[in-house]
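Engineer: Output the structure for:
(one chain, ligands or ions: 2)
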Amino acid sequence: MDTITLIKPDDFHLHLRDGAEMASVVHDSARRFARAVIMPNLVPPIVSVEQALDYRRRILAHLPQDPGFNPLMTLYLTDDTGRDEVDRVAENEQVCAFKYYPAGATTNSASGVTAIGKVMPLLEYMAQRDVPLLVHGEVTDAGVDVFDREKVFIEQVLSPLVEDIGSLRIVFEHATTRDAVQFVTGAPAKVAATITPHHLMLNRNAMLSGGINPHHYCLPILKREIHRQALVDAATSGNPKFFLGTDSAPHPVRSKEKPPCCAGIYNAYAAIELYASVFDSMDSLDTLENFASRNGARFYGLPLNTQTITMRRERWRIPDTISFAGNMLVPFRAGESCQWKLLYER
Ligand code: NCD
Ligand code: ZN
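Structural biologist: Numbers count the residues shown, from 1 in each chain. Ligands and ions are numbered 1, 2, ... in the order given. Next up is the predicted model:
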């Protein structure tokens, strides 16, 4: 199989930033994806439907009239989020979920939830209104090793949450461990997970062996090879609980190369092509469309996209840098070759 045509995929986890930064990256996603779930961690964060809709208009302003790209907005959950905001999300098709960041867990998460107990009544209400909760699943406790923070989050926060509010739809974002794969696989159908291209392709050696590579630093942090293998198995298995979310998160090169290095990897430049390479390497191209174009839509209750994309098996070189609002950005796999090439979108 040297060409592959897919229902145009959706990216269920994307950071677009704002202003000139957004202008330089949004086209990469719009070419490859029909819809994207847009993360709300701007500074200040997007906490109301009104702000989300303004942000959505700013995104669409950078695209042509009929872009074939539908940004699905999210709100940043805080200790102070009110029920009226949940109602507004439930009633608006352009805003699809709340994002739960434990305060301080990652880039721009200072206003996140300080303790799950503070939002339990609100989460119960979200379950009643069937509004999904997207979770950044890491504890922030300084006493917990950075490589264990996802596993400990599952034990201390997620597992009790799923027990307490079984009817809440939850997406465990950017799963990075075998523990997460096992938990999500065994959880009720209302619990699903996204998986990024970088966590499918790399283990922590890519960040720490033979010299520290800040361009491979993201959160949750890259893990051991056994975890990468569990993610590849989950993504390629066809299990409808696992679907595509790039977590593409651009930072200018100076924020990556000068300490402290910001967490985030920019992969939107070749996202679907990189996923295709992973699936191809596992002889699983036949399950790529489920992962990329069907499973997430089904979980969110969205119709399948009507457009398609076509890729060809052809080597091309990912550039060393991309211009980013007057700065430079180093894309994921910079200077390396990618095995699949996007031909056209219809
Ligand atoms: C994201 C960012 O830069 O906004 N960074 C990252 O490493 N993934 C935030 C996030 O999703 O954790
Ligand atoms: Zn993210």
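Engineer: who's in contact with the helix or strand bottoming out on mean pLDDT in the chain?
Structural biologist: Lowest by mean pLDDT, DSSP states H and E among the helices and strands of the chain is strand 337-345, with a mean of 92. Residues outside strand 337-345 that contact it (Cβ atoms under 8 Å, 6 or more residues apart in numbering): 3-4, 8, 31-32, 68, 270, 272-274, 276-277, 280, 307-318. C-beta: built from backbone N, CA, C; applies to glycine.
Engineer: Please list the residues of the stretch 51-200 of the chain that sit near ligand 1.
Structural biologist: 106-108, 136 (Cβ under 6 Å from any ligand atom).
Engineer: among those residues, who's most crowded?
Structural biologist: residue 136 (25 neighbours; other Cβ atoms under 10 Å).
Engineer: Please tell me I have it right and that residue contacts residue 102.
Structural biologist: Yes - using Cβ atoms under 8 Å, residue 136 makes contact with residue 102 at a distance of 6.7 Å.
Engineer: thinking again about what came up before, from the middle of its chain, how far away would the least confident helix or strand of the chain be?
Structural biologist: 21 Å (Cα atoms, centre = their mean, to the nearest Å).
Engineer: ok, that strand: who's next to it in the sheet?
Structural biologist: In the sheet, strand 337-345 lines up against strand 308-317 (antiparallel) (DSSP bridges).
Engineer: can you pull the buried residues of the strand it pairs with?
Structural biologist: 308-309, 311 (16 or more other Cβ atoms under 10 Å).
Engineer: quick one: low-confidence parts of the stretch 101-250 of the chain?
Structural biologist: Applying pLDDT under 70 to the stretch 101-250 of the chain flags no residue at all.
Engineer: again, only using 80
Structural biologist: 107 (pLDDT under 80).
Engineer: Turn the buried residues of strand 308-317 into TSV, columns for distance to ligand 1 and pLDDT.
Structural biologist: Listed next are the buried residues of strand 308-317 as TSV, based on distance: Cβ to the nearest ligand atom, whole Å; pLDDT from 0 to 100:
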residue	distance to ligand 1	pLDDT
308	29	97
309	24	97
311	25	97
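Engineer: ok, so of those, who is nearest residue 19?
Structural biologist: residue 309 (28.0 Å; Cβ to Cβ).
Engineer: List the residues that contact residue 180.
Structural biologist: Residue 180 touches 137, 150-151, 154, 172, 193, counting by Cβ under 8 Å, 6+ apart.
Engineer: Mind doing that once more with 10 Å?
Structural biologist: With contacts defined as Cβ atoms under 10 Å, 6 or more residues apart in numbering, residue 180 is in contact with 137, 150-151, 153-154, 158, 172, 174, 193, 195, 220, 223, 227, 230-231, 234.
Engineer: got a list of what residue 153 touches?
Structural biologist: Residue 153 makes contacts with 102, 105, 116, 135-141, 144, 159, 172, 179-180, 220, as judged by Cβ under 10 Å, 6+ apart.
Engineer: which of those residues count as buried?
Structural biologist: Buried, going by 16+ other Cβ under 10 Å: 102, 105, 116, 135-140, 144, 172, 179-180, 220, out of those.
Engineer: In helices only, show me those residues.
Structural biologist: The helices, defined by DSSP state H, take in 179-180 from the buried ones among the contacts of residue 153.
Engineer: a markdown table for the buried ones among the contacts of residue 153, including distance to residue 46?
Structural biologist: Putting these into a markdown table (distance: Cβ to Cβ, whole Å) gives the following:
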| residue | distance to residue 46 |
| --- | --- |
| 102 | 18 |
| 105 | 17 |
| 116 | 21 |
| 135 | 17 |
| 136 | 15 |
| 137 | 20 |
| 138 | 21 |
| 139 | 24 |
| 140 | 21 |
| 144 | 28 |
| 172 | 21 |
| 179 | 30 |
| 180 | 26 |
| 220 | 22 |
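Engineer: one step back: taking the contacts of residue 153 one by one, which sit in strands?
Structural biologist: Mapping the contacts of residue 153 onto strands (DSSP state E) picks out 135, 172.
Engineer: which residues of the stretch 51-200 of the chain fall in helices?
Structural biologist: 83-90, 120-128, 149-153, 159-164, 178-186, 197-201 (DSSP state H, counting those that start in this stretch).
Engineer: Let me fix that, I meant to ask about the stretch 201-346 of the chain.
Structural biologist: Using DSSP H, counting those that start in this stretch, helices in the stretch 201-346 of the chain cover 205-208, 225-236, 253-257, 271-281, 288-289, 295-300.
Engineer: Using TSV, lay out these together with mean neighbour count.
Structural biologist: Compiled in TSV, the helices of the stretch 201-346 of the chain are given as follows (neighbours: other Cβ atoms under 10 Å):
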stretch	mean neighbour count
helix 205-208	15
helix 225-236	20
helix 253-257	15
helix 271-281	23
helix 288-289	21
helix 295-300	21
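Engineer: mind checking which of those is nearest residue 215?
Structural biologist: Nearest of these (Cβ to Cβ): helix 253-257, 5.9 Å.
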